[in-house]
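Student: could you look at this predicted model? Sequence included:
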Amino acid sequence: MTAMRFKSIFAKLFLAQALFSLFLTPISWSQNARQRQPAGPTPRWPDGKVNLGPIPGEKGHWIRQGRGQLASNPNSIIAAGPGGLPTNLKLPDVPFQPWARALYEERQANNERDAPHARCKPSPGPRQIGTAYGFEFVDMPEIQRMMIFDIGGPQSYRTIYMDGRPHPTGDDLIPGYYGHSVGHWEGDTLVVDTVGFNERSWIEAEGMPHTDRLHLIEQFTRTDSNTLKYEVTVDDPGAYTARWSGGFFLRWNAGAEMFEYVCQDNNRNQETVVGADGAPPRTSRIVP
Amino acid sequence: MRGSLIAAMLCVLAVSTGFAHHPISAKFDTNRSVTLRGVVTSVDWANPHAHVFINVKDRGTTVTSWAVELESPVDLRRGGWSSHTVKPGDEITVEGNPARDGSKQAWANSVVLGTTGKKLFTPPAETQPTQNTKQAETPRWPDGHPRLSALPGQPGYWSSPSASSLSEAGNNIQFDAYGLLKNIADAPKVAPFQTWARDLYLYRQRTNLKDDPMYVSCLPPGGPRLYQTRYGLQFMEDQRRDRIFVLMGGANRNWHLIYTDGRVQRGQRGGDDDNPLYYGRSVAKWEGDTLVVDTKGFNEKFWLSNGGLPHTEQLHLTERITRSDFNTLKYEVTVDDPGAYTRPWASTWTLRWIAGQDPPEYYCQDNRP
């Protein structure tokens, strides 16, 4: 056995361990801690609008069930788990441009080792919604904003402006990780339109690429008290040949409160997944 | 190296460090200056600091690559830059400070575009709050409590702290923008240190804050440092749930929760009292017009201040937050940490209202691997 081969086995062991800690622990934790409640009707505010949070006096937030795939890929390196929408495309039918498909395949072939979310970076809609430990919607009607607070990943927040404002244009639209989100209700569905993304992240967990022309249309529908249907239309003429849609279901984690999670605390993703040789030194010229 | 001195003129000059928000003096020698003329090869437009890479040619054929470090894209934008202001192929002249370790890196204090002589970058001034003289009164909720957050349709956030570092009230010690003491002899007076804490503080100061966890590893600025971090913070009062979000603009744009629902001061999830946190566990109640925040449960992995004050897990903070008028937030903190200090001590400063905008999107993690 060559040293290289030996190293490769170790790398795989570390990978398995890293993936376990990154992806499986939250699920098993939540199954232990979750209080299962029978599903009731979709909760509403007194004005009839759907309440995407807990009913007054209670606690809870949303958490993914599986990996949060936008298209079914039975060959992805981590089992997809439950939750995919039955209408999701099969991966070969996703209208990737050739470069984007090649990049997605390379990311899978590399065991998702460069996943930005695992390096504590904020990520666009589907990856934020599908983060480990879940997220909370906080409806602030008085200031006409809907907030999304992620627990896993960067432990950061996205603002959805509900006041009817348009997206900024030209140089005023500053490319960012979460983009600029505006939302409105269509019946019982919250529709969120987002533009202004940088290209430093993946759309979802498995490496779907995008460009700064990415435009997302997300639809959030609380179909009953325990279920949130998340569907997103990906519109990115820089990476895809057509608009396409996919999504997943999230479940209500009743009684749970958000907690402090600092991704940077002991992030070993670089060493465990890439291997110590691939870990840039902190003295690299890019890192101040 | 010697050959490149024609193009890269190193000379010993005292220069100001501008408004860098990171302690650049750990990496760059702010007592020396360097002038570089070269052709741009790439631009890394990332927080916390943008980089422009240039090839500097000497009289002969030698080409040396330099990494020129600039302020954050947030600040560069405020100074009129965009990500495409400087492009590969442009010839630029950079004046700045060289790296202490002799590597081919420089901190830019000015960038001039070679073809036009246009000055592209001078350190931008600190954001000045829009003075909102028409609304001098403290805004209030219908129940009479002061409103710490923005009014509907009138966004804004808190920034521009009146002090850059934490030190005991009344001692009048001068710091620079990063929390470095102007006079290192003042160190023992900053707080009522225990000996080990004083020595650690001195070490951090003498090494130009080079090990700062917020700076090196993008770890959160817990405790009072949250209120002295660049790009400010917003409060979001979630009255339906009796809790207040503290939303950071800078660092890693984290959220932190302060509970006002009367819960007792202990772990937010049962049984995790042995899980110390960066931001700790915060409960609060109103005393008149002041929000009194009580926080325990801190870990020891962050610095208590921009200057590197130490603390232990015994840290217990009492923060008194008062919006004394529309544009002013008074922040008073009592530090009680029998592990690091000989007695409880207090400090106070104000933050100003930056009207008309939300905090910029800034993530320290942006250019970390």
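Tutor: In hand now; what should we look at?

Student: need the next SSE after the helix or strand of chain A at the bottom of the mean pLDDT ranking, C-terminal direction.
Tutor: Every helix and strand of chain A was ranked by mean pLDDT, DSSP states H and E. The lowest is helix A:25-33, at a mean of 41. Next helix or strand after helix A:25-33 toward the C-terminus (DSSP states H and E): strand A:60-64.

Student: quickly check: that next one near chain B or not.
Tutor: No: Strand A:60-64 lies apart from chain B when judged by Cβ under 8 Å from any Cβ of the partner chain; the minimum separation is 11.1 Å. For the C-beta atoms, the positions are set from N, CA and C on the backbone; glycine is no exception.

Student: just the C-alphas of that strand, formatted as CSV.
Tutor: The C-alpha trace of strand A:60-64 is given here as CSV (Å, rounded to 0.1, in the frame of the first residue of the first chain):
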residue,chain,number,x,y,z
GLY,A,60,-40.9,26.3,17.4
HIS,A,61,-39.2,26.6,14.1
TRP,A,62,-38.7,24.9,10.8
ILE,A,63,-36.2,22.1,10.0
ARG,A,64,-35.4,20.2,6.9
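
Student: next one: it to chain centre, how far?
Tutor: Relative to its parent chain, strand A:60-64 has a centroid offset of 13 Å by Cα atoms, centre = their mean, to the nearest Å.

Student: would you mind listing what in the stretch 151-300 of chain B touches chain A?
Tutor: Counting by Cβ under 8 Å from any Cβ, the stretch 151-300 of chain B sits next to chain A at B:151-153, B:215-220, B:236, B:238, B:240-241, B:245, B:247, B:252-257, B:268-269, B:272, B:277-279.

Student: among these, which lie within helices?
Tutor: B:215-217 (DSSP state H).

Student: show me what contacts B:P192?
Tutor: B:168, B:341-343, B:345 (Cβ atoms under 8 Å, 6 or more residues apart in numbering or on different chains).

Student: excluding its backbone neighbours, what's nearest it?
Tutor: Leaving aside its sequence neighbours, B:P192 sits nearest to B:T342 (Cβ to Cβ, 6 or more residues apart in numbering or on different chains; 4.6 Å).

Student: could you do A:A239 as well?
Tutor: Closest to A:A239 by Cβ to Cβ, 6+ apart is A:A100, at 4.2 Å.

Student: does that neighbour count as helix, strand or coil?
Tutor: Of the three states, A:A100 takes helix under DSSP: H, G, I helix; E, B strand; the rest coil.

Student: next, give me the two most distant ones among the contacts of B:P192.
Tutor: Largest separation among those by Cβ to Cβ: B:E168 and B:T342, giving 11.6 Å.

Student: between the two, which one's more packed in?
Tutor: For B:E168 versus B:T342, the count of surrounding residues by other Cβ atoms under 10 Å in any protein chain shown is larger for B:E168: 15 against 12.

Student: which secondary structure element contains that one?
Tutor: B:E168 is part of no helix or strand, with elements assigned from DSSP H and E.

Student: whichever of the residues of the stretch 151-300 of chain B next to chain A end up buried, select them in PyMOL.
Tutor: Per 16 or more other Cβ atoms under 10 Å in any protein chain shown, the buried members of these correspond to this PyMOL selection:
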select buried, chain B and resi 215+216+217+218+219+220+236+238+240+241+245+247+252+253+254+255+256+257+268+277+278+279
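
Student: those helices in chain A, which residues are they?
Tutor: Shown for chain A, the helices assigned by DSSP H span residues A:3-19, A:25-33, A:98-109, A:125-129, A:269.

Student: rank those helices by pLDDT, which is bottom?
Tutor: The weakest mean pLDDT among these belongs to helix A:25-33, with a mean of 41.

Student: coming back round to it: surely the residue nearest to B:P192 and B:W196 touch.
Tutor: No: assessed by Cβ atoms under 8 Å, B:T342 is found out of contact with B:W196, at 11.7 Å.

Student: strands of the stretch 251-369 of chain B, start to end?
Tutor: B:255-259, B:281-287, B:290-296, B:316-325, B:328-336, B:345-355 (DSSP state E, counting those that start in this stretch).

Student: mind putting these in a markdown table, mean pLDDT included?
Tutor: What follows is the strands of the stretch 251-369 of chain B, written out as a markdown table (pLDDT from 0 to 100):
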| stretch | mean pLDDT |
| --- | --- |
| strand B:255-259 | 96 |
| strand B:281-287 | 95 |
| strand B:290-296 | 96 |
| strand B:316-325 | 97 |
| strand B:328-336 | 97 |
| strand B:345-355 | 96 |
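
Student: quick one: which of these is nearest A:M258?
Tutor: Comparing the strands of the stretch 251-369 of chain B by their distance to A:M258 (Cβ to Cβ), the top pick is strand B:255-259, with 6.8 Å.

Student: by contact count, what packs against the closest one?
Tutor: Applying 3 or more Cβ pairs under 8 Å, 6 or more residues apart in numbering or on different chains; DSSP states H and E, one finds that strand B:255-259 contacts strand B:243-248, strand B:281-287.

Student: what's the angle from it to strand B:281-287?
Tutor: With axes from the mean of the first three to the mean of the last three Cα atoms, to 10 degrees defining the directions, strand B:255-259 sits at 50 degrees from strand B:281-287.
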